[in-house]
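[1] everything below, folded, please.
(one chain, ligands or ions: 1)
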Amino acid sequence: MSACHYTSSELHKLDSKHLRLNQAQWEIVKELGINRKKRTRRGCRAGRRKIPTFVNMATTTEANGGNQIIADVKDYYGKVLKSSDDLKTPVCCTRPLNMSKNVRDALAQIHEEVQNRYYGCGLCIPTCLEGAKVLDLGSGAGRDCYLLSKLVGENGHVTGIDMTDEQLNVARKYKDFHSQLFGHKSSNVEFLFGYIEKLTEAGIKENFFDIIVSNCVVNLSPDKKTVLQEAFRALKEGGELYFSDVYADRPVSEDLRQNKVLWGECLSGALTWTDLVNFAKEVGFSPPRLVSAAPIDITNPEIVKLVGDMKFISVTCRLFKLPANKEPSGEVIYEGTVTDHPDSLNMDISSTFKANCPSYVDSTMATILKCSRYADDFTFNTGGPSEAKKACQPQKLDCTMDPFVYLETKPVASGCGPKSSGKCC
Ligand SMILES: C[S@@+](CC[C@H](N)C(=O)[O-])C[C@H]1O[C@@H](n2cnc3c(N)ncnc32)[C@H](O)[C@@H]1O
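    Next comes the predicted model:
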């Protein structure tokens, strides 16, 4: 970390413009500066108290305890950020590409205040949603919950869980607005206060949900493996965790992990892809299947200085909870019945099923299709000889490949438009 420090009087002379902070952030800096001054007095040279720069003094570590991280993140999303304009990087507001028409139409109906407090990093809206029970981990102001509310329809249900009251208050405020807009007799959405590491404590049932989504939240948790364990417990067999998050190309250094703002901005808590693969395996999920990946362009010079040549990407992937006994590999035919996808159905970067065309699938994909909500949209001729090996084959990419490698092999447009501010697109 930089050795640059300010004396307390120098700190007070700086203004928010100088450090490019908004008023709320600046209040926190001042507050932290004063606290830090008290704590570090003994270690300082006479007359020059070591009060680090904004970035250095925003300190928190997992060693301090997960509780401190939770408190800091809560503060960041409750008090510091008021809208996506307050973000210092584009990480938590990437613009997802390839939305289907239904999703675009639903998005256009979401209330402006909810949209303004959207801090996601991908599109966490899977296909085949009608009637599904969905849980959103870290639902924030509720944008994805309301999108899902429309897409699951009146026979489905969406539960959002979040630990930040300010976020929950915005989300809850627009329940009636959206249910009326979507023509639902009563709202099919609920927002619970709770921690994603403690779903049981929040009253989330076991083996209950078809889908769990999460948009740019798991990285913020000090205990990601527990989050996956809890999600696994809450899912039905055949259910899936479909989530977007930030990944780093190497383990994040301890210095960066101690940075409270960068933790809040979804960088310092980023996992490597290998970490995710290992956690998924330990918890019992199928290997993460890549849906999309996009580079994150960090242009804020202060942050660029801190992260150096580290690369961060946002990735959407799906992890299924499958039965121990797998289906045999073989032939399947997509019937063209999933809403909005009459011609073909895309499951991940390597599996696109053309309607009415036999495809050969391995045992894992056969199990996913047969045990999940997709079962009625396919005919299965698995376990026998297949003609499909030669025709209508899904692409040959490995959907469990490292997304950094995927992006090198198959560069895709960044999820964020070129904006010189380095802020949200
Ligand atoms: C980056 S925002 C994303 C919010 C929302 N998913 C969206 O796309 O707008 C992170 C959200 O996760 C919540 N959060 C972070 N850590 C959490 C935890 N351990 N338990 C519950 N909520 C958490 C925060 O309160 C915040 O609302």
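[2] residues contacting residue 150?
    Counting by Cβ atoms under 8 Å, 6 or more residues apart in numbering, residue 150 touches 106, 109, 178, 182. Glycine gets a C-beta too; all of them are placed from N, C-alpha and C.
[3] okay, buried residues for whichever strand or helix holds it please.
    Using DSSP states H and E, the secondary-structure element containing residue 150 is helix 143-152. Across helix 143-152, burial judged by 16 or more other Cβ atoms under 10 Å covers 143-152.
[4] could I get the CA-only coordinates of it as CSV?
    Output of helix 143-152 as CSV, limited to C-alpha atoms (Å, rounded to 0.1, in the frame of the first residue of the first chain):
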residue,chain,number,x,y,z
ARG,A,143,-34.9,-4.7,-9.2
ASP,A,144,-34.3,-8.4,-10.0
CYS,A,145,-37.1,-9.5,-7.6
TYR,A,146,-39.6,-7.3,-9.5
LEU,A,147,-38.3,-8.5,-12.9
LEU,A,148,-38.7,-12.1,-11.7
SER,A,149,-42.1,-11.3,-10.1
LYS,A,150,-43.4,-10.5,-13.6
LEU,A,151,-41.7,-13.5,-15.3
VAL,A,152,-42.7,-16.2,-12.8
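[5] show me the shaky parts of the stretch 1-150 of the chain.
    Applying pLDDT under 70 to the stretch 1-150 of the chain picks out residues 1-65, 83-97.
[6] next: the stretch 301-425 of the chain.
    Looking at the stretch 301-425 of the chain by pLDDT under 70, you get 386-396, 411-425.
[7] mind jotting down where the helices sit in it?
    Under the criterion DSSP state H, counting those that start in this stretch, the stretch 301-425 of the chain contains helices at 301-307, 363-371, 403-409.
[8] so in that sheet, which strands flank the following helix or strand past the helix holding residue 150, and in what orientation?
    The helix or strand immediately downstream of helix 143-152 is strand 157-162, counting by DSSP H and E. According to DSSP bridges, strand 157-162 has the following sheet partners: strand 133-137 (parallel), strand 189-193 (parallel).
[9] got a quick PyMOL command for the buried subset of the contacts of residue 150?
    Here is the PyMOL selection string for the buried members of the contacts of residue 150, based on 16+ other Cβ under 10 Å:
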select buried, resi 106+178+182
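[10] any chance of the contacts of residue 150 in CSV, plus distance to residue 382 and secondary structure?
    Converted to CSV, the contacts of residue 150 look like this (distance: Cβ to Cβ, whole Å; DSSP: H, G, I helix; E, B strand; the rest coil):
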residue, distance to residue 382, secondary structure
106, 34, helix
109, 40, helix
178, 41, helix
182, 38, coil
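[11] can I get the contacts of residue 150 in CSV including distance to the ligand?
    Below are these laid out as CSV (distance: Cβ to the nearest ligand atom, whole Å):
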residue, distance to the ligand
106, 15
109, 17
178, 15
182, 19
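[12] farthest pair in the contacts of residue 150?
    Farthest apart among those by Cβ to Cβ are 106 and 178. That separation is 9.8 Å.
[13] so what sits against both of the two?
    With Cβ under 8 Å, 6+ apart, residue 106 and residue 178 have common neighbours 146, 150.
[14] circling back to that earlier point, which one of the helices of the stretch 301-425 of the chain lies nearest to residue 215?
    The nearest among the helices of the stretch 301-425 of the chain, by Cβ to Cβ, is helix 403-409 at 16.4 Å.
[15] please identify the most buried of the strands paired with strand 157-162.
    The highest mean neighbour count among the strands paired with strand 157-162, using mean count of other Cβ atoms under 10 Å, belongs to strand 133-137: a mean of 27.
[16] now the helices of the stretch 301-425 of the chain in CSV, with mean neighbour count and distance to the ligand?
    Below are the helices of the stretch 301-425 of the chain laid out as CSV (neighbours: other Cβ atoms under 10 Å; distance: least, Cβ to the nearest ligand atom, whole Å):
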stretch, mean neighbour count, distance to the ligand
helix 301-307, 16, 16
helix 363-371, 21, 25
helix 403-409, 16, 19
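[17] mind putting these into TSV with distance to residue 116?
    What follows is the helices of the stretch 301-425 of the chain, written out as TSV (distance: least, Cβ to Cβ, whole Å):
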stretch	distance to residue 116
helix 301-307	23
helix 363-371	36
helix 403-409	29
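[18] nearest to residue 384, out of the ones you listed?
    helix 363-371 (11.8 Å).
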